[in-house]
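Participant: test case, fold it:
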Amino acid sequence: MMTLIAVCAYAFPDIKIITFEVMSNHLHLLLCGPADEIMAFFAMLKKRLQRYLSLNGTPVGLDRFGCPGLIPVESLESVRNQIVYINKNDNQIEPC
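Facilitator: Numbering: from 1, shown residues only. The predicted model follows:
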């Protein structure tokens, strides 16, 4: 997933990744950029993830893997709160 995010970031240079967290069954992204490009970024990420999983013998339906909508973050306090929320999710993963 890290490589896929990097590939998508390269393909969309107008989008800035503020922070992200990859979970076992979902992910959180805090992105800055035009809404239409952010949605295209996510669509590319989903498409490449689907292809990766298929090529590696783990075909999984990603019908439920979607972007429920963009939430505008319009203040510095809100940006800080989102960063804390996203990065705090990392602590909820059980060690292997």
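Participant: let's see the pLDDT reported for Met39.
Facilitator: On pLDDT, Met39 comes in at 94.
Participant: grab the nearest non-local neighbour of it.
Facilitator: Among residues not flanking Met39 along the chain, Cys67 sits closest, at 6.6 Å (C-beta to C-beta, 6 or more residues apart in numbering). Glycine gets a C-beta too; all of them are placed from N, C-alpha and C.
Participant: give me the pLDDT value at that neighbour.
Facilitator: For Cys67, the predicted pLDDT is 83.
Participant: and the gap between it and Ile17?
Facilitator: For Cys67, the distance to Ile17 equals 15 Å [C-beta to C-beta, to the nearest Å].
Participant: ok, those two, which is more surrounded?
Facilitator: Neighbour count, other C-beta atoms under 10 Å: between Cys67 and Ile17, Ile17 has more, with 16 against 13.
Participant: pull out the buried residues from the host helix or strand of that one.
Facilitator: Element membership for Ile17 (DSSP states H and E) is strand 16-22. For strand 16-22, burial by neighbour count (16 or more other C-beta atoms under 10 Å) applies to Ile17, Phe20, Glu21.
Participant: same check, this time on stretch 17-37
Facilitator: Quick answer for stretch 17-37 (16+ other C-beta under 10 Å): Ile17, Phe20, Glu21, Leu27, His28, Leu29, Leu30, Leu31.
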